[in-house]
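J.: no FASTA, just this:
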Ligand SMILES: NC(=O)C1=CN([C@@H]2O[C@H](COP(=O)(O)OP(=O)(O)OC[C@H]3O[C@@H](n4cnc5c(N)ncnc54)[C@H](OP(=O)(O)O)[C@@H]3O)[C@@H](O)[C@H]2O)C=CC1
Ligand SMILES: N[C@@H](C[C@H]1CC(C(=O)O)=NO1)C(=O)O
């Protein structure tokens, strides 16, 4: 039985908890939180709710720690810290900072003889894998990624971190004309701004400087600066009534040519009722791989590109080979 810990009990932490229940080779041992553990109610009665102080001992009996903090400010500190003590996995999605995050986790994990998988989810994660598979098969081609319309957890988390913001949801909206040009096989050169719009719904503190908050959102590097973004300020009642769901999805569309311009199109699409529950399910599958790799003597940072599909699966090699028939 793989003993799992969850660090951080937000949307993603709850998604991982749900995913563990679907995997009978895994047991949720504990949820760890920076808040007062007694204030948290979790959905797994057999699991403990503990403080991060317990994790910091390095003695928690875990095979893997799934780190579910926010990418904007939590994961850059959390994942390297705990990679020095446990096998870890995270969903870090600040794309521009992945090289730095990988290096920090690699150094910590190697020092402890542990495995740390980073940037595991759907983008980065499953979409990354499909872009790489497509490019390996059709070197003469181009990949396009479209997200939404749906709620980006990373962007929503980044907005919630702004001083004066009490709650936020960010919707990513693909530009229809861009999607149409790609689907028609035109292979256009599209700027970041030409592909998606971003729309934020924000609950601000009473008396907060709304102009400052809006400006901080719109100019935020890595998240909003390269997009046309709209910001709406609403109250908590409207947020609960109209924005409590976390659906998302999107497509990776790759078109490439082989001999004499013969064209091929590869598409991988997701349509998610729950972004966090799907992402939690990806994390749980790759958490199984991290434990297996470490048991084989592997250590250091890994990404989804470093892991053979068999490591993700409960099936034996023989059972997997049945999928070849
Ligand atoms: N790679 C991918 O495809 C994906 C990546 N992600 C990543 O997942 C990250 C986490 O997203 P998400 O779970 O939605 O973020 P949340 O804001 O829900 O949670 C982030 C952390 O905030 C703390 N927290 C949550 N709720 C509260 C609260 N009410 N009061 C105080 N603290 C709270 C929790 O830590 P604690 O319990 O310690 O207080 C939690 O771990 C995103 O930043 C994104 O980067 C998400 C989806 C896909
Ligand atoms: N990392 C994203 C997952 C996808 C969605 C997304 C976006 O809408 O910008 N980018 O990547 C998330 O946090 O939800």
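T.: Yep, it's here. This structure is a prediction, so every number in the text was calculated from the model and none was measured. Ligands and ions are numbered 1, 2, ... in the order given.
J.: CA atoms for contacts and neighbours, from now on please.
T.: Noted.
J.: pLDDT on the lengthiest helix in the chain, on average?
T.: Selection of the longest helix in the chain by residue count, based on DSSP state H, yields helix 275-295. For helix 275-295, the mean pLDDT works out to 98.
J.: now swap in stretch 135-150 and tell me
T.: Average pLDDT, stretch 135-150: 96.
J.: how about it: buried residues?
T.: Across stretch 135-150, burial judged by 16 or more other C-alpha atoms under 10 Å covers 135, 138, 141, 142, 143, 144, 145, 146, 147, 148, 149, 150.
J.: would TSV of these with secondary structure and distance to ligand 2 be doable?
T.: Listed next are the buried residues of stretch 135-150 as TSV, based on DSSP: H, G, I helix; E, B strand; the rest coil; distance: C-alpha to the nearest ligand atom, whole Å:
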residue	secondary structure	distance to ligand 2
135	helix	19
138	coil	24
141	strand	22
142	strand	18
143	strand	15
144	strand	13
145	strand	9
146	strand	8
147	strand	5
148	coil	6
149	coil	8
150	strand	6
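J.: reformat those as CSV; add distance to residue 42.
T.: As requested, those are exported to CSV (distance: C-alpha to C-alpha, whole Å):
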residue, distance to residue 42
135, 42
138, 46
141, 46
142, 44
143, 40
144, 39
145, 35
146, 34
147, 30
148, 29
149, 30
150, 26
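J.: of the residues you listed, which pair is most distant in space?
T.: The span of the buried residues of stretch 135-150, defined through C-alpha to C-alpha, is set by 138 and 150 at 29.6 Å.
J.: contact partners of stretch 252-267?
T.: 127, 130-131, 134, 138-146, 182-183, 185, 187, 251, 268-269 (C-alpha atoms under 8 Å, 6 or more residues apart in numbering).
J.: what's the nearest residue to residue 193 if we skip its chain neighbours?
T.: Distances taken as C-alpha to C-alpha, 6 or more residues apart in numbering place residue 227 nearest to residue 193, at 4.8 Å, with adjacent residues excluded.
J.: doesn't residue 196 make contact with that neighbour?
T.: Yes - at 7.0 Å, residue 227 counts as touching residue 196 under the criterion of C-alpha atoms under 8 Å.
J.: with neighbour numbers in mind, choose between these two.
T.: Neighbours around residue 227 and residue 196, counted as other C-alpha atoms under 10 Å, are more numerous at residue 196. The numbers are 22 against 18.
J.: for that one, give me its contacts.
T.: By C-alpha under 8 Å, 6+ apart, the contact list for residue 196 reads 146, 147, 172, 173, 174, 175, 227, 228.
J.: residues contacting whichever residue of the stretch 201-325 of the chain sits closest to ligand 2?
T.: Nearest residue of the stretch 201-325 of the chain to ligand 2: residue 275, at 6.4 Å (C-alpha to the nearest ligand atom). Taking C-alpha under 8 Å, 6+ apart, we find residue 275 in contact with 151, 152, 153, 246, 247, 248, 249.
J.: turn the residues you listed into a markdown table, including neighbour count.
T.: Listed next are these as a markdown table, based on neighbours: other C-alpha atoms under 10 Å:
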| residue | neighbour count |
| --- | --- |
| 151 | 26 |
| 152 | 22 |
| 153 | 23 |
| 246 | 19 |
| 247 | 20 |
| 248 | 22 |
| 249 | 22 |
